[in-house]
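Participant: Build the 3D model from these lines:
(one chain, ligands or ions: 2)
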Amino acid sequence: MSRISQTCMILLLCTTAGTNAQNPLKQAHAWGKQTPYTLFRDARSEYRIAIGKNASESEHWAANELQRWLKEISGAELAVQPVEQAYTGPQIIIGFNDLIREKTGKTDPADLDESFRYFSDGPDIMIFGGKQRGTMYGVMAFLENEFGCRWYTPAVSVIPRRKEYSFSSFDHSESPGIRVRNDFYFEAFDSIWAARNRMNGAMSSRKQPGGLESYWAVHTFYPLMPPSEFYHRHPEYYSLINNKRIHEEAQLCLTNPDVLRIVTERIKKRMRESPEYLIYDVSQNDWDNPCQCDKCQAIVKKEGSESGVIIWFVNQVAEAVEKEFPGKFIGTLAYKYSRKPCRNIHPRHNVVVRLCSIECCFSHDIRSCPRNKSFLEDLEGWSAIAKNLYIWDYVVFFQHYIMPYPNILVLQPNIKIFQENNAIGIMEQAAYESRGGEFAELRSYLISRLLWNPDCNVDEAINDFMYGYYGRAGKFVRQYFDLLYGRINPDSHIHIESHLYKQLAADDPLFAGDFVDRACRIFENAAKVADNDEILHRVEMASLPVLYLICKNTPAMAREDGTYKKFRQIVRREGITRYAEYGEEKNMEDFHKSVENAKL
Ligand SMILES: [Zn+2]
Ligand SMILES: [Zn+2]
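Facilitator: Ligands and ions are numbered 1, 2, ... in the order given. Predicted coordinates:
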């Protein structure tokens, strides 16, 4: 994916997080005072960027980012120099050092502390936080809040140009709302985008400025104890189902002491070989069939849930690794058959319970929809007994990545509910295999705002994206957004997987009546005012879900009237390689054939 840095002259005044920001420009105007300090004017600056000799790699990275973006904003290139090097002019000091210690009277922040502060001290500007990511986040927030810089996607940054930046004083600080923030969109896997947007979570290791708080694997019962290795000699290691030990689509017999010993040995080996992760997974396979043997079921019965025997088992693994791996966690799932919390056993302090929301209704938030009542009960039940929850939340429809899926407005209330219920991490599983997910760019950006600050102003953040990313067409894309979200009423529930309720489909009443016609007209208007071809392409990407609906609902018409042709053109141009994670559209060709062969 090519990196295009877009610049424009528009100053975006929307700030993204609920913070104590004090915009020096606003202050200067509001008070009618002179602003005594000028960072740059007419592409010239007296300042340098100063960094301590003990600065971390990510602090050096942040200093270079600051230099790069300030040059793009102002035309002036500030030198990056060691803070110890003599300098008589004003400076921007990056990272905690003796000078900041003296000014603030504070002790050094912990390396892993992600909170940050930037403030002015006379003409000098100081930006600091924990060495690993705090300072780096402070630099990016300084650029965002004070200059309107945005890194909307890996390919699209908006960097407003300015002739002058003067200030009298400012002081701003922030800290993360959620400790581990995992935005699972394809767009969000770009490590530079993620670092700039304060995303620190991942399901696999990758090199990223400031590093990651990664979660090693999921559904690991069989990867840890493959049936091909053990079943023929030890069928008793696997689930007893209908009086037979089976391994196909089954689980482990967790009360077998050998199983505990082998899993513990193997997870220790994994932790030694891959020490870069924060959480190591010991969890059920992605199907049912938990063991029905008497010993396993005795614990299940006592605990009132299949999760009882899982937590009983995982607690012992966690206890066994604790001494050698302080600060690390063993994670497990509370998913489908194990979603209900156990009654008496509490997960240890170094266990993370990864609770999954897959059965929920996603058009209404967890508290407001009666269909989410049992999930809310489980969430609150877990948070009453577990210090550490890690929510596996779902933000797309896996069988139809491209279909309109109006869940964006429930993200904030749900993330806040998770935060209130001991979520140390949230993963928003999304369209992770390819570009092309419905509003993927908007959603991956918005998720990054929300996971950092669950109280952020969502409407402001959406508008910020709409006008920043779609330019003049943003007004119309927002109109389409409002049209779609205006369709939701108390009865319009949407499900992606539930044994109780129907899944969302293209012929859902949400998309009936004049919805598609109105949406098409809005996108025609958006296309007319698009600032340039590049923005027109972004608008066309936003319209793809509407074209998809037409192809699904009236395939022959879509083929005859050019809708399908346009859909294919956009897909090809944008390099979209997946329409679904599973189901009938997993193989894109099947979808194409269904339209191409449809009878009028
Ligand atoms: Zn068993
Ligand atoms: Zn609902």
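Participant: The residue nearest the centre of the chain: helix or strand, and which one exactly?
Facilitator: Nearest to the mean C-alpha position of the chain, by C-alpha atoms, centre = their mean, lies Asp183 at 1.7 Å. Asp183 is part of strand 180-184 when elements are defined by DSSP states H and E.
Participant: surely Ala386 meets Ile345?
Facilitator: No: with contact defined as C-beta atoms under 8 Å, Ala386 does not reach Ile345; the gap is 10.3 Å. Quick note: C-beta positions are derived from backbone N, CA and C, even for glycine.
Participant: which of these two has more neighbours?
Facilitator: Shown here are Ala386 and Ile345; by other C-beta atoms under 10 Å, Ala386 has more neighbours (23 against 19).
Participant: So which residues on the stretch 451-600 of the chain come close to ligand 2?
Facilitator: His493 (C-beta under 5 Å from the ion).
Participant: secondary structure class for the residue in the stretch 451-600 of the chain that ligand 1 sits nearest to?
Facilitator: Distance from ligand 1 to each residue of the stretch 451-600 of the chain (C-beta to the ion) is smallest for His499, at 24.5 Å. Put simply, His499 is coil when judged by DSSP: H, G, I helix; E, B strand; the rest coil.
Participant: Kindly report the residues of the stretch 251-400 of the chain close to ligand 2.
Facilitator: 361, 364, 369, 371.
Participant: 8 Å - rerun?
Facilitator: Contact residues (C-beta under 8 Å from the ion) of the stretch 251-400 of the chain with ligand 2: 361-364, 368-372.
Participant: out of those residues, which one sits closest to Pro257?
Facilitator: Top of the list for closeness to Pro257, among those and by C-beta to C-beta, is Asn372 at 39.2 Å.
Participant: Quick check, that closest one in contact with Ser363.
Facilitator: No: with contact defined as C-beta under 8 Å, Asn372 does not count as touching Ser363 (10.6 Å).
Participant: pLDDT (mean, whole number) over the longest helix seen in the chain?
Facilitator: Ranked by number of residues, the top helix in the chain under DSSP state H is helix 533-553. Helix 533-553 shows a mean pLDDT of 98.
Participant: and that helix, what does it pack onto?
Facilitator: Under the contact definition 3 or more C-beta pairs under 8 Å, 6 or more residues apart in numbering; DSSP states H and E, helix 533-553 sits against helix 458-470, helix 474-486, helix 515-529, helix 555-560, helix 563-574.
Participant: quick one on the thing from earlier: mind giving me the ChimeraX select for the residues of the stretch 251-400 of the chain next to ligand 2, buried ones only?
Facilitator: The command below creates a ChimeraX selection of those among those that count as buried (16 or more other C-beta atoms under 10 Å):
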select :361,362,363,364,369,371,372
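Participant: now, the most widely separated pair of the residues of the stretch 251-400 of the chain next to ligand 2?
Facilitator: Of all pairs drawn from these, the one with the largest separation by C-beta to C-beta is Phe362 and Pro370; the distance is 14.2 Å.
Participant: Excluding sequence neighbours, find me the nearest residue to Val218.
Facilitator: The shortest distance from Val218 to any non-neighbouring residue, by C-beta to C-beta, 6 or more residues apart in numbering, is to Asp281 (5.4 Å).
Participant: And for Tyr405?
Facilitator: Using C-beta to C-beta, 6+ apart and skipping residues adjacent in sequence, the residue nearest Tyr405 is Phe397, 4.9 Å away.
Participant: tell me which element the one you found is part of?
Facilitator: Taking DSSP H and E as the definition, Phe397 sits outside all helices and strands.
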